[in-house]
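Colleague: build the 3D model from these lines:
(one chain, ligands or ions: 1)
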Amino acid sequence: MTPAEARVDLSAIAHNIGVLREHASGAEVMAVVKADGYGHGMVQSARACLEAGATRLGAALVSEAVALREAGFTVPILAWIITPGESLDAAAEHGIELSAGSTVILDRIADAARRTGRTVRVHLKVDTGISRGGAPLAAWPELLDRAAALRAEGVIEVTGLWSHFACADIPGHPSIAAQLDAFDEAVTQADKKGVGADAIRHFANSAAVLTIPRARYDMVRPGIAIYGLSPIPELGDFGLRPAMTLVARVALAKRVPPGSGVSYAHLYVTDRETTLGLVPLGYADGVMRGLSNRGEVFAAGRRRRIAGRVCMDQFVIDVGDDPLAAGDEVILFGPGDHGEPTAQEWADSLGTITHEIVTRIGSRVPRVYRYDGVR
Ligand SMILES: *Cc1c(COP(=O)(O)O)cnc(C)c1O
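Modeller: Sure thing, here's the model as predicted:
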């Protein structure tokens with residue numbers, strides 16, 4: 001056993017895809033596996049998703065999409081972040097679908113297509129109100145015209161029309177309906193220019209798949225929900241099952257006298273003779289320093305608050321007079337079945353979202369996989 005590991009339950013991922021497919025009611029599911037499958041392992045997560053009925057993969061970076069292709073996946077793979085100076089030749093050669101939200105990007109895609117002799121499948125992205133990626137509505141007609149010209153030249157196909165929500169996780173937010181209206185208008189324009197005929201329309205991230213039926217269109221793009229974490233915790237868990245359990249083995253256990261200052265800056269001082277346990281994970285591994293003296297873990301039969309500062313590679317727990325020995329298992333977070341904290345509790349305690357908790361689990365922590373069929 002390694003000092004620490006992230007146990008990933010692929011059955012949970014498969015179960016979650018099932019939940020999402022039910023909500024998608026017939027729309028295709030693109031499994032978003034960017035950022036190493038939200039920290040769960042990109043290739044293993046992708047495989048579990050496809051086996052459970054997802055039909056496509058989504059990545060942020062072109063390099064992630066190419067890595068998926070090189071791992072042997074033959075389904076359509078979309079990448080949506082394209083940066084200046086980055087070569088798109090490998091993407092073209094590997095048949096990666098690319099997002100274009102500007103004529104500049106479309107032209108770069110076309111150049112890669114000409115150089116490699118491949119026709120590149122493009123998803124045109126419209127910014128319907130997040131002011132992040134995508135063409136603003138004012139620039140959309142020009143993007144459609146350029147796409148039509150490049151398609152006529154045979155260098156691209158337009159296989160997708162898409163957008164992304166700003167506030168899908170805030171039920172009833174007025175921007176949701178406004179974005180959907182804007183998207184419908186953008187799709188109508190594409191249809192009028194004959195650009196949308198072979199394109200699938202897609203809009204929904206996890207929160208939208210689960211709560212905004214109108215946003216399903218032809219395909220949905222869930223990320224966080226795949227990994228079993230609720231995109232809208234106030235509304236519950238939607239029947240999703242957290243896939244990751246982060247565990248570590250106590251590296252050292254020792255008795256210390258009352259008044260012992262623990263870890264940097266002595267933020268914690270023992271008030272009695274007690275047993276301390278050293279846990280070999282720190283902020284370099286994704287145990288954020290903000291959890292110092294407040295985050296909880298499960299050890300020696302119950303919850304323990306982290307004692308003092310979280311360091312780069314380690315932190316300390318105080319288990320009082322309970323038995324604790326080097327080698328004992330500490331559960332940092334998991335589904336909560338054994339009384340351990342959840343990633344959601346960590347996120348709440350840090351004022352963040354679970355996306356940040358799981359994606360930050362560092363590369364020193366091996367991912368260990370378990371699969372016992374779909375439950
Ligand atoms: C990350 C991402 C998703 C998935 O979002 P979740 O909130 O994790 O479901 C979908 N679409 C785009 C464009 C993304 O960047």
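Colleague: who are the packing partners of the one helix or strand Ala112 maps to?
Modeller: In the assignment (DSSP states H and E), Ala112 maps to helix 103-116. Contacting helix 103-116 under the criterion 3 or more C-beta pairs under 8 Å, 6 or more residues apart in numbering; DSSP states H and E are the following elements: helix 89-93, strand 97-100, strand 120-127, helix 140-153, strand 156-162. Glycine gets a C-beta too; all of them are placed from N, C-alpha and C.
Colleague: to Asn16, which of those lies closest?
Modeller: If you check each of the helices and strands packed on helix 103-116 against Asn16 by C-beta to C-beta, strand 156-162 wins as the nearest, at 22.3 Å.
Colleague: that closest one near the ligand anywhere?
Modeller: No. On the criterion C-beta under 6 Å from any ligand atom, strand 156-162 is out of touch with the ligand, staying 7.9 Å away.
Colleague: once you drop chain neighbours, what's closest to the residue of the stretch 1-150 of the chain found nearest the ligand?
Modeller: At 4.2 Å from the ligand, Val32 is the closest residue in the stretch 1-150 of the chain, using C-beta to the nearest ligand atom. By the measure of C-beta to C-beta, 6 or more residues apart in numbering, the closest residue to Val32 outside its immediate chain neighbours is Gly223, 3.6 Å from it.
Colleague: which residues touch the one you found?
Modeller: When contacts are counted by C-beta atoms under 8 Å, 6 or more residues apart in numbering, Gly223 is found next to 32, 34, 38, 58, 205-206, 355.
Colleague: can you count the residues close to Leu252?
Modeller: Around Leu252 there are 13 other residues, counting by other C-beta atoms under 10 Å.
Colleague: quick check: closest non-adjacent residue to it.
Modeller: Taking C-beta to C-beta, 6+ apart as the measure, Leu252 lies nearest to Leu278, with 4.2 Å between them; neighbours along the chain are not counted.
Colleague: kindly report the same for Ile96.
Modeller: Take Ile96 and drop its neighbours on the chain: the residue closest to it by C-beta to C-beta, 6+ apart is Ala65, 4.4 Å away.
Colleague: was I right about that neighbour contacting Ala90?
Modeller: No. If you go by C-beta atoms under 8 Å, Ala65 and Ala90 don't touch, sitting 9.3 Å apart.
Colleague: could you list the low-pLDDT ranges of the stretch 201-350 of the chain?
Modeller: By pLDDT under 70, the stretch 201-350 of the chain contains no weakly predicted segment.
Colleague: can you give me the distance of Val75 to Ser260?
Modeller: Taking C-beta to C-beta, to the nearest Å as the criterion, Val75 is separated from Ser260 by 56 Å.
Colleague: more crowded one of these two?
Modeller: Neighbours per residue, other C-beta under 10 Å: of Val75 and Ser260, the larger number sits with Ser260, 19 against 15.
Colleague: give me the number of residues near the closest residue to that one other than its chain neighbours?
Modeller: Closest residue in space to Ser260, ignoring its immediate chain neighbours: Thr270 at 4.5 Å, by C-beta to C-beta, 6+ apart. Applying other C-beta under 10 Å, we find 18 other residues in the vicinity of Thr270.
Colleague: quick one: check stretch 338-345 for contact with the ligand.
Modeller: No. Remark: stretch 338-345 sits outside contact range of the ligand, by C-beta under 6 Å from any ligand atom, the gap being at least 13.1 Å.
Colleague: ok, back up a step: what is the burial count for the residue of the stretch 1-150 of the chain closest to the ligand?
Modeller: The number of residues packed around Val32, counting by other C-beta under 10 Å, is 29.
Colleague: got the phi and psi for it?
Modeller: phi -90, psi 110 (degrees, to the nearest 10).
Colleague: roughly how far does it sit from Ala199?
Modeller: Taking C-beta to C-beta, one finds Val32 at 19 Å from Ala199.
Colleague: same question for Gly239.
Modeller: If you measure Gly239 against Ala199 using C-beta to C-beta, the figure is 32 Å.
Colleague: got the contact list for the residue nearest to Ala284 when sequence neighbours are not counted?
Modeller: Beyond its immediate neighbours in the sequence, the residue positioned closest to Ala284 (C-beta to C-beta, 6+ apart) is Met312, lying 4.7 Å away. Under the criterion of C-beta under 8 Å, 6+ apart, the contact list for Met312 reads 282-284.
Colleague: redo these as CSV? Include neighbour count, distance to the ligand and secondary structure.
Modeller: Conversion of the contacts of Met312 to CSV gives the following (neighbours: other C-beta atoms under 10 Å; distance: C-beta to the nearest ligand atom, whole Å; DSSP: H, G, I helix; E, B strand; the rest coil):
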residue, neighbour count, distance to the ligand, secondary structure
Gly282, 19, 26, coil
Tyr283, 20, 23, helix
Ala284, 15, 24, helix
